[in-house]
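1. okay, predicted coordinates and the sequence, questions at the end:
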Amino acid sequence: MPGVGKASTNAEPRPGTRDLRFLILGPTLNDAAVTADLLRGAGIDSQVFSGLDALAEGIREGAAGVLVPEEALSGPQNSSLATALAQQPPWSDLPILILTRTGADSPEATEAWRTLGNVTLLERPTPVSTLLSAAQTAVRARSRQYQIREHLAERLRNEQALRTADQRKDEFLATLGHELRNPLAPILNSLEILKLSGAADGGAAHACAVMERQVSHLNRLVDDLLEVSRITRGIIEVKKEPQDLSAIVRAAVDTSRPILDGMRHQLQFHSPGEPLVVAGDAVRLTQVFSNLINNAAKYTNHGGHVAVSIERDGNQAVVTVKDDGIGLAPNLLSSVFDMFMQVDRSTRRAQGGLGIGLTLVKSLVGMHGGWVEAKSDGLGLGSEFIVRLPLILGSAATPEVTRRVQSLPSRRILIVDDSRDGGESLSLLLGVMGAEVSLVHSGWAALQAVETFRPDAVVLDIGMPGMDGYEVARRIRADSLNRGMLLIALTGWGQDEDRQRSAAAGFNHHLVKPADIDQLRQLLSVV
């Protein structure tokens, strides 16, 4: 017996139409051929099969429905049909039309109705109109299933595209963080050199303090950029200490001064005569108020007015940032703090941005036990942002201390960094601190210097061309003479997987650029 019988027209299904064909197993091949001709006359593509095994294979290739007589289900081949139906994907519920004998329900029909799923019983002799109606209904139902299949496939493609985009976003942010941290490191190192050499005394001390604050601020912003999910979940780390709120807001004004001056805005600043002390992270709170002031400046026409005021309201400190800019529509007041929300995108006043500034403001204020609200009388009538923070009563603010880096014990330190500015500034800084330093700019040069210079510690960049820092560390550790050598990774790569890889390569410590100089000094002091 051949696996697949021929229809009366001897025509195979057209390519691409298998999913819409009706599979027919008749009581006889002649009956099946006649039935196939009837269905084709109604516009339903059909194919005749001579046995259940061939029919089951046809189901796997694609079908809109199946027509079988009940007596065909009584043989041992019935299991092949049941197996093919059980192997259908979750979206599939293939219609099965079963031609039953006249009279009472047979055991075969009853079992098929119970086990085969989407079954319709047609008693013989079956009127032609009944058969055609049942087949057309089955095809329509199957077509809807195919729509579900396409919807699920499209959703899967979208999910895969989103996963790919998310992976690329993470890779981009990691690379961006690395590239941003590289220039921050030599700037911070140079500031430390100025302070240690005494060049930052007198009038230059203030300039160095401002630069140091801004480098620290930039470093924290890079961390935020790399961990956008932390912003939405409100889990950014804050280090709370008693802070003079007026000093923080003044620092925020200084940070925002370039955009205020560039837009030729008039700034009014009011602070109370008494100190208002809050428990907060100075960098984070400065970030809050500079974001609000920047926002006011961006959405106010040139030559506008921005007013910043600080006042006490019972046990709370209230900071208000008010402008006479474009204002907010009433429907935006509740959504202005949403992630990626930007007002008036169509105009130049939006001036770009990621749309995360106000989201970050709300998150950080909440982490300080306060809240922020937006007010506006409408479009063209300006905006007002009000931040409320709990006061610490009877406490003094932590005084700002000019940090002096302590000297290092006598150490031989090898610095390996393909960034010449970064490596040279760190080399000069550690030399001023009392260390004997050797500087190289490649992995191969590092291995040679380990043999000739015999350092106590190696401060090693990871992302170097040619031989990267992981491979350098592994080769250093492969020599038993170097097992006790201190290896410190100093890199722009700071994700968890980067730290795990550096530990596996043999590094003792993993620092992210720009490194905290006190922390680096402490690590190098215990060699």
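-> Sure thing, it's come through. Here the structure is a predicted model, which means the values were calculated and not measured.
2. where in this structure is the helix or strand with the lowest mean pLDDT?
-> helix 228-233 (a mean of 54; mean pLDDT, DSSP states H and E).
3. do me a favour and average the pLDDT over the next helix or strand along the chain from that helix.
-> Helices and strands here follow DSSP states H and E; after helix 228-233, the next one along the chain is strand 241-244. When pLDDT is averaged over strand 241-244, the result is 92.
4. swap in stretch 82-99?
-> Stretch 82-99 comes out at a mean pLDDT of 90.
5. how far does it stretch from one end to the other?
-> 17 Å (C-alpha to C-alpha, to the nearest Å).
6. need phi/psi at T120.
-> Per-residue torsions, T120: phi -120, psi 130 (degrees, to the nearest 10).
7. how about it, what does it touch?
-> 95-98, 134, 138 (C-beta atoms under 8 Å, 6 or more residues apart in numbering). Where you see a C-beta, it was placed from the backbone N, CA and C, and this is true even at glycine.
8. between the residues you listed, which sits nearest Q243?
-> Closest to Q243 out of the contacts of T120 is P95 (72.1 Å), distances taken as C-beta to C-beta.
9. what is the burial count for the closest one?
-> Per other C-beta atoms under 10 Å, the neighbour tally for P95 reads 23.
10. local confidence estimate at the residue nearest to it when sequence neighbours are not counted?
-> Sequence neighbours aside, A138 is the residue nearest to P95 in space, at 3.6 Å (criterion: C-beta to C-beta, 6 or more residues apart in numbering). On pLDDT, A138 comes in at 92.
11. mind checking how far A138 is from R21?
-> Going from A138 to R21 by C-beta to C-beta, to the nearest Å gives 12 Å.
12. who touches both of the two?
-> Contacts common to A138 and R21, judged by C-beta under 8 Å, 6+ apart, are A64.
13. nearest the geometric middle of the chain, what residue?
-> Nearest to the geometric centre of the chain sits D166, at 5.3 Å (C-alpha atoms, centre = their mean).
14. enumerate every residue touching E171.
-> E171 makes contact with no residue, according to C-beta under 8 Å, 6+ apart.
15. SS state for it?
-> helix (DSSP: H, G, I helix; E, B strand; the rest coil).
16. same deal with F269?
-> strand.
17. tell me, how many residues neighbour it?
-> F269, neighbours per other C-beta under 10 Å, totals 13.
18. which residues touch the residue lying closest to it once chain neighbours are set aside?
-> Leaving aside its chain neighbours, F269 sits nearest to V308 (5.1 Å; criterion: C-beta to C-beta, 6+ apart). V308 sits next to 249, 253, 267-270, 289, 293, 319-322 when contact means C-beta under 8 Å, 6+ apart.
19. change it to 10 Å
-> By C-beta atoms under 10 Å, 6 or more residues apart in numbering, the contact list for V308 reads 249-250, 252-253, 256, 267-271, 289, 292-293, 296, 319-323.
20. over to V372?
-> The neighbours of V372, taking C-beta under 10 Å, 6+ apart as the test, are 288, 292, 319, 321, 337, 358, 361-366, 385-389.
21. mind giving me the PyMOL select for the residues you listed, buried ones only?
-> Paste this into PyMOL to select the buried members of those, with burial taken from 16 or more other C-beta atoms under 10 Å:
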select buried, resi 288+292+319+321+337+358+361+362+363+364+365+385+386+387+388+389
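22. the contacts of V372 in strands, which ones?
-> For the contacts of V372, the ones inside strands are 319, 321, 385-389, with DSSP state E as the criterion.
23. relative to G280, which of the residues you listed is nearest.
-> Of the ones in strands among the contacts of V372, the one sitting nearest to G280 (C-beta to C-beta) turns out to be L389, at 7.1 Å.
24. my guess is the closest one contacts E311, does it?
-> No: using C-beta atoms under 10 Å, L389 makes no contact with E311, being 11.9 Å away.
25. can you give the domain ranges for this protein?
-> Domain assignment for the chain by automatic domain parsing gives 18-126, 227-390, 412-525.
26. quick check: mean pLDDT of the last one?
-> What it means is domain 412-525. The model assigns domain 412-525 a mean pLDDT of 91.
27. start and end of that domain, how far apart?
-> Domain 412-525 end-to-end distance (C-alpha to C-alpha) = 11 Å.
28. so how far is that domain off the chain centroid?
-> Put simply, domain 412-525 sits 30 Å off its chain's centre (C-alpha atoms, centre = their mean, to the nearest Å).
29. which parts of the stretch 151-300 of the chain are helices?
-> 203-226, 228-233, 245-262, 282-298 (DSSP state H, counting those that start in this stretch).
30. most packed of those helices?
-> Ranked by mean neighbour count under mean count of other C-beta atoms under 10 Å, the helices of the stretch 151-300 of the chain are led by helix 282-298, which reaches a mean of 24.
31. so which of the contacts of T120 is the closest to L121?
-> Looking at those and their distance to L121, the nearest is I98, at 5.4 Å (C-beta to C-beta).
32. partner residues bridging that closest one?
-> V68, L121 (DSSP bridges).
33. in this structure it contacts S74, no?
-> No: assessed by C-beta under 10 Å, I98 is found out of contact with S74, at 11.8 Å.
34. got any residues that touch both of these two?
-> Common contacts of I98 and S74, defined by C-beta under 10 Å, 6+ apart, comprise 106, 108, 112.
35. most neighbours out of those, which is it?
-> Busiest of the shared contacts of I98 and S74 [other C-beta under 10 Å] is A112, holding 24 neighbours.
36. can you pull the contacts of the nearest residue in space to N301 that is not next to it in sequence?
-> Nearest residue to N301, sequence neighbours excluded (C-beta to C-beta, 6+ apart): G325, at 6.7 Å. Listed by C-beta under 10 Å, 6+ apart, the contact set of G325 reads 265, 295-301, 304-306, 343-344, 349, 376, 380-383.
37. for G325, helix, strand, or coil?
-> G325 falls in the coil class when you classify it by three-state DSSP.
38. distance of the residue nearest to S246 when sequence neighbours are not counted from K169?
-> Leaving out its chain neighbours, the residue that sits closest to S246 by C-beta to C-beta, 6+ apart is S271, at 4.3 Å. As defined by C-beta to C-beta, S271 lies at a distance of 41 Å from K169.
39. who has more neighbours out of those two?
-> S271 (18 against 11).
40. does the more buried one touch T320 like I think?
-> No: contact criterion C-beta under 10 Å: S271 and T320 do not qualify, at 11.6 Å.
41. what touches both of the two?
-> Contacts common to S271 and T320, judged by C-beta under 10 Å, 6+ apart, are 308-311.
42. can you add distance to A445, pLDDT and secondary structure and give these back as JSON lines?
-> As requested, the shared contacts of S271 and T320 are exported to JSON lines (distance: C-beta to C-beta, whole Å; pLDDT from 0 to 100; DSSP: H, G, I helix; E, B strand; the rest coil):
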{"residue": "V308", "distance to A445": "53", "pLDDT": "97", "secondary structure": "strand"}
{"residue": "S309", "distance to A445": "58", "pLDDT": "96", "secondary structure": "strand"}
{"residue": "I310", "distance to A445": "55", "pLDDT": "96", "secondary structure": "strand"}
{"residue": "E311", "distance to A445": "60", "pLDDT": "95", "secondary structure": "strand"}
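43. done for today, thanks.
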